[in-house]
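J.: Sequence first, predicted coordinates after that:
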Amino acid sequence: MNTLFLPLPRRAALLCASVLGATLCLSGCATAPTTHLARTAAALHFPLRVVTLEAPMAVDAGRLQEVFAPGAKQPLADDDPRLVQARQRGEARAAAAMAAALGGEPNVVVIVPAEEQSPLDALRSRALASAITPDEAMRLHAATGADVLLRYGITDYGLTPAAWRHGYIAFEVVTTVALAAVIAYSGSRAAQAAATLYLAQETAEESAEAYATFQAFDEVCRPVRMEAQLLALQPPALLWQAGDTGISDIKLGRYFRKVGADERDRQINQATGDAVRGIARDLHAALEYSRLRAALHAD
């Protein structure tokens, strides 16, 4: 069904239903945590001494422009002041939210390196996916006394995560292809021609409808996605990783009016905090399980 040609009241109702459905299914959607903590529980000593490191925001200029400079007539460069400011504010919000979340975590002690300690400086500009060498891990452990490094970063900021969009549209297109195959099953040229036309039309419509749904979800909830990983330093090893998508408070009326910059920023701030709290909950569960397992093995 093509929503673009529906009367406005029906289109509004459908969009509201789509946003509500997306919110219920996807809000706070967390990547299933990957954890090796349980295997190494006996070698860990709680509370863990943790040093944190935020990776640079992994959001390209085009997606940031869509949120923070939608009126710009030309594509903005990465170093455009509006985008630089958006990244800096986002990273600062995430750092403050993470510090607050870890401050209430009983299984960790956060180590704040002295300013003259430089092992973290060499890692600050590195992407979250980049590896840390054994030599870097050893120097970080020696300089801070930390047992583990918690790395985290923002991967989507104010827009529906790209992976959601691609996954949803791919599912819809695959479904459409299957229906087209059924139409063409008779083998007649007329059926095959009809299937080709149907496939082209429905693929375009599904993509348009998906875009409209995600656009509504973006305006209403301003999702922020974060990824995190916990790395042992001695010896270096990945212990845990997870991701979470946070959303702001839900006000469907945002889709039908202009949302000002102040309200948009409040939404993104809420969504950032929501994502951090989701990651902190997953980390707490993993650490608590590992602590209890270590206690049982000690007995």
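T.: Yep, that arrived. Residues are numbered from 1 along each chain as shown.

J.: Output stretch 46-53 as PDB, restricted to C-alpha atoms.
T.: What follows is stretch 46-53, C-alpha atoms only, in PDB (Å, rounded to 0.1, in the frame of the first residue of the first chain):
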ATOM      1  CA  PHE A  46      36.200  -7.500  42.200                       C
ATOM      2  CA  PRO A  47      35.700  -4.600  42.200                       C
ATOM      3  CA  LEU A  48      37.400  -4.300  38.900                       C
ATOM      4  CA  ARG A  49      39.700  -1.300  38.400                       C
ATOM      5  CA  VAL A  50      38.400   0.300  35.200                       C
ATOM      6  CA  VAL A  51      39.700   3.100  33.000                       C
ATOM      7  CA  THR A  52      37.300   4.400  30.400                       C
ATOM      8  CA  LEU A  53      37.900   5.700  26.900                       C
END
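
J.: List the buried residues for stretch 227-234?
T.: Residues of stretch 227-234 classed as buried by neighbour count (16 or more other CB atoms under 10 Å): 227-233. All C-beta spots, glycine's among them, are computed from the backbone N, C-alpha and C.

J.: quick one: average pLDDT of it?
T.: For stretch 227-234, the mean pLDDT works out to 94.

J.: Could you do stretch 245-262 as well?
T.: Across stretch 245-262, pLDDT averages out at 90.

J.: what's the first-to-last distance across it?
T.: Chord length of stretch 245-262, first to last residue, is 21 Å (CA to CA, to the nearest Å).

J.: Can you tell me the element the residue nearest to Met226 when sequence neighbours are not counted falls in?
T.: With CB to CB, 6 or more residues apart in numbering as the criterion, Met226 has its nearest non-adjacent residue at 4.4 Å, and that residue is Ala275. In this assignment (DSSP states H and E), Ala275 forms part of helix 261-298.

J.: Kindly state the pLDDT recorded for the closest residue in space to Glu105 that isn't next to it in sequence?
T.: Nearest non-adjacent residue to Glu105, counting by CB to CB, 6+ apart: His284, 5.9 Å away. Note on His284: pLDDT of 94.

J.: Give me the neighbour count for His284.
T.: For His284, the neighbour count with other CB atoms under 10 Å is 17.

J.: Show me the buried residues of stretch 227-234 that map onto strands.
T.: 227-233 (DSSP state E).

J.: Distance to Ser290 added to those, as CSV?
T.: Shown next, in CSV, are those (distance: CB to CB, whole Å):
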residue, distance to Ser290
Glu227, 20
Ala228, 16
Gln229, 15
Leu230, 10
Leu231, 15
Ala232, 12
Leu233, 16
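
J.: Which of those residues sits closest to Phe214?
T.: The closest of these to Phe214 turns out to be Glu227 (CB to CB; 20.1 Å).

J.: Show me the beta-bridge partners of that closest one.
T.: Gly153, Gly243 (DSSP bridges).

J.: low-confidence ranges in the stretch 51-200 of the chain?
T.: Filtered on pLDDT under 70, the stretch 51-200 of the chain yields the residue ranges 115-118, 164-200.
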